[in-house]
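# fold the following for me, if possible:
(chains A and B)
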Amino acid sequence: MDELESEGMGGWRRGRGEHRLLFPLQFIQTPLRPHVLRLVAACLLWTLVAVPAVWGQAFMTKTGHAEFTSSVPLHTFTGTSEHLVGRISLPDSTVDFYLDLTTLETGIGKRDKDMRTTLETDTYPFAEFFGTLVTPFDPDREGAQPVTVRGAFTLHGVTREVTIDGTLRRTAEGLKVEAAWEINLNDYNITPPSLLIVRVDEVQKVRIEALLEPVERS
Amino acid sequence: MRPFLLRMIFAMVVALGFSAEAGRAQMPRERVDPGGPVEEVFWAPSAILGSSVYNLPQGNLNVTIMHAFGIVTNGVRDLFGLDGAANIRFGADYGVHDRLSIGVGRSRFDKLYDVRFKAKLLRQMKDNTPPVDVALKGDVGIMTVENGFDGADRLSYLASLMIARAFGERASLQVTPMFSHFNTVFIERGSGRILEEENDHVALGLTGRVVLNRRLALQVEYMPVLGARSDGTTNALSVGLDIETGGHVFQLFFTTSPWLTEQHVIARNDDDFFDGDFRFGFNVNRVFRLGGGE
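Below you'll find the predicted structure:
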């Protein structure tokens, strides 16, 4: 090191007329001109500053609300959970949500057990969606913005491509997500349970609502 | 462009590419409670005549109608017991907490009212820590039939500790030490026969269940009395079929005892199953949710 002396931004003089960057990787220990060094330094600076700033636009929750509404003739009931896990990454538009189905509660323990049996939650514990935002979302705009996501929805071990409409709203706390759609149990090889001889409608209304908070990626 | 610069740009593109791909990866899926309790070691608060470890979740109301008819082997003369004197108990239990329920009931025999509680002390977990369900039950009955008894003379009590385990999804077994006490016992029964009756009885309830499918299960319940017992009494035996419909649990059974509260079943049953002295009965259980509609 006693042969080295600083020469301004990003470079080191080593011997006469040569510039080297001392990186651990041997393959980039090549003599460089000052303007190249400045370019490399600029790139590194961009990597260190600009990229994390973009990465910071990922949002996540583990306490989102999810619910479904089932219907039988003259009667409806709702199952809810406050354990919806979700992440939205705005830079790459990925949307990733999942729910531990054993956390759904309808208010009647016996019905919950029947629901878990129907969904075979020991074998298929999660309902999950992984896809992308396919419509633009401007995080700098106020108010709820309608958005559409498209991706794979998996339930009961069956994965289907779905398109779901909802809204996204940037708030001071993070990103507010709301969406509602319908699923047909038959599409996921689920036999609708029956109450006495009355069968539960195979079409279930699903709704989610969550406030996702900003996260830093590691 | 110099080779170094190309290498540098290449390295950064690769690095950013990996980063972007990592960002697109799905989150690892994590269960909220990976172990969790074993689901319903029994399907209803009552096994047949005795209670089960089943606990009502908070806010759930279970309404029960219990019937026990006359002796089946009397034949068609009284339509296999249906013409005989039936004991009926209307009851309701409410989950004040996920581990505590309180209940009240009224039986036709002795015009008996009873109040009870059941506290779930342990829940069997899927990882066997603990490996059993344990529940404590207390019941106080008061007969209101006009028989000249006063006040406390009309009271009867039951304390029981239910210890149950599910073996896989198909089988369950419950062992129930029970103690009953009657403040006053009848000395004379039937046609003037004088019988010695005990105020206290200790019994060991044994209940087994085999699940046939999602809707049907077979149950056997045996309540042998240990130690001193009233003259002429026998151990109650019941066999039943549970039908789970998704909202109701129907329990059809044959039993020796016309009594529908445990302190009376262990202290007063005097029929023997294998002598043909059994009767048909059924329980209807329906769970409602209070304070939030269905």
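# from now on I want contacts and neighbour counts done on CA atoms only, so please keep to that.
Noted.
# and the closest residue to A:Asn184 other than its chain neighbours, how far from chain B?
Excluding its sequence neighbours, the residue lying closest to A:Asn184 (Cα to Cα, 6 or more residues apart in numbering or on different chains) is A:Val203, at 4.5 Å. Using Cα to the nearest Cα, to the nearest Å, one gets 18 Å for the distance from A:Val203 to chain B.
# likewise for A:Leu119?
13 Å.
# can you count the residues close to that residue?
Number of residues near A:Leu119 (other Cα atoms under 10 Å in any protein chain shown) recorded here: 26.
# same question, B:Gly240
When neighbours are defined as other Cα under 10 Å, B:Gly240 has 21 of them.
# show me what contacts the residue nearest to A:Asn184?
A:70, A:182-185 (Cα atoms under 8 Å, 6 or more residues apart in numbering or on different chains).
# just give me the closest of those residues to chain B.
A:Ser70 (11.1 Å; Cα to the nearest Cα).
# packing partners of the helix or strand encompassing that closest one?
Using DSSP states H and E, A:Ser70 maps to strand A:58-72. If you count contacts as 3 or more Cα pairs under 8 Å, 6 or more residues apart in numbering or on different chains; DSSP states H and E, strand A:58-72 packs onto strand A:75-89, strand A:203-215.
# which outside residues touch it?
Counting by Cα under 8 Å, 6+ apart, A:76-91, A:99, A:104, A:174-175, A:198-201, A:203-217 sit against strand A:58-72.
# any of the residues you listed buried? List them.
Buried members of the contacts of strand A:58-72, scored by 16 or more other Cα atoms under 10 Å in any protein chain shown, are A:78-90, A:99, A:104, A:174-175, A:200-201, A:203-215.
# which SS class is B:Gly75?
helix (DSSP: H, G, I helix; E, B strand; the rest coil).
# hang on, the earlier thing: pLDDT at the residue nearest to A:Asn184, what is it?
A:Val203 carries a pLDDT value of 92.
# residues contacting the residue nearest to the spatial centre of chain B?
Central residue check for chain B by Cα atoms, centre = their mean: the C-alpha nearest the mean position is that of B:Ser52, 2.3 Å away. Contacts for B:Ser52 (Cα under 8 Å, 6+ apart) come out as B:42, B:44-46, B:162, B:174.
# of those residues, just say which sits nearest to chain A.
Closest to chain A, out of all of the contacts of B:Ser52 and judged by Cα to the nearest Cα, is B:Ala44, at 9.1 Å.
# which parts of chain A sit against chain B?
A:28, A:30, A:36, A:40, A:76-78, A:83, A:89, A:92, A:94, A:96, A:98, A:100, A:103, A:106-111, A:113-114, A:125-126, A:130, A:193-196 (Cα under 8 Å from any Cα of the partner chain).
# filter those down to just the ones in strands.
Judged by DSSP state E, strands contain the following of these: A:76-78, A:83, A:89, A:94, A:96, A:98, A:100, A:126, A:130, A:194-195.
# make JSON lines from these and add pLDDT and distance to B:Asp110 to it.
Below are those laid out as JSON lines (pLDDT from 0 to 100; distance: Cα to Cα, whole Å):
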{"residue": "A:Thr76", "pLDDT": "86", "distance to B:Asp110": "42"}
{"residue": "A:Phe77", "pLDDT": "87", "distance to B:Asp110": "41"}
{"residue": "A:Thr78", "pLDDT": "92", "distance to B:Asp110": "43"}
{"residue": "A:His83", "pLDDT": "97", "distance to B:Asp110": "51"}
{"residue": "A:Ser89", "pLDDT": "94", "distance to B:Asp110": "70"}
{"residue": "A:Thr94", "pLDDT": "96", "distance to B:Asp110": "70"}
{"residue": "A:Asp96", "pLDDT": "97", "distance to B:Asp110": "63"}
{"residue": "A:Tyr98", "pLDDT": "98", "distance to B:Asp110": "57"}
{"residue": "A:Asp100", "pLDDT": "97", "distance to B:Asp110": "51"}
{"residue": "A:Phe126", "pLDDT": "97", "distance to B:Asp110": "53"}
{"residue": "A:Phe130", "pLDDT": "97", "distance to B:Asp110": "64"}
{"residue": "A:Ser194", "pLDDT": "71", "distance to B:Asp110": "39"}
{"residue": "A:Leu195", "pLDDT": "63", "distance to B:Asp110": "36"}
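# tell me which stretches of chain B form helices.
Taking DSSP state H as the criterion, chain B carries its helices at B:3-24, B:262-268.
# from B:Gly59, how far out is B:Val96?
With the distance defined as Cα to Cα, to the nearest Å, B:Val96 ends up 6 Å from B:Gly59.
# no no, B:Met27
Distance of B:Met27 to B:Gly59, computed by Cα to Cα: 35 Å.
# do the same with B:Gly168
In terms of Cα to Cα, B:Gly168 sits 28 Å off from B:Gly59.
# what of B:Pro45?
Noted for B:Pro45: a distance of 15 Å to B:Gly59, by Cα to Cα.
# can you pull the contacts of the closest residue to B:Asn60 other than its chain neighbours?
Counting by Cα to Cα, 6+ apart, B:Asn60 lies nearest to B:Arg289, which is 4.6 Å off, once chain neighbours are set aside. Residues in contact with B:Arg289 (Cα under 8 Å, 6+ apart) are A:107-108, B:59-61.
# for B:Ser101, same thing?
Applying Cα under 8 Å, 6+ apart to B:Ser101 gives the contacts B:55-56, B:93-95, B:117-119.
# and chain A, which of those contact it?
B:Leu56.
# keep only those of the contacts of B:Ser101 that are in strands.
Among the contacts of B:Ser101, the ones falling in strands (DSSP E) are B:93-95, B:117-119.
# quick check: domain ranges of chain A?
Following automatic domain parsing, one finds the domains of chain A at A:4-55, A:58-215.
# endpoint to endpoint, the longest one covers what distance?
Spelled out, it's domain A:58-215. 6 Å.
# torsion angles phi and psi at the residue nearest to A:Glu213 when sequence neighbours are not counted?
Spatial nearest neighbour of A:Glu213, chain neighbours left out: A:Gly174 (4.4 Å); criterion: Cα to Cα, 6+ apart. A:Gly174 adopts backbone torsions of phi 160, psi -130, taken as degrees, to the nearest 10.
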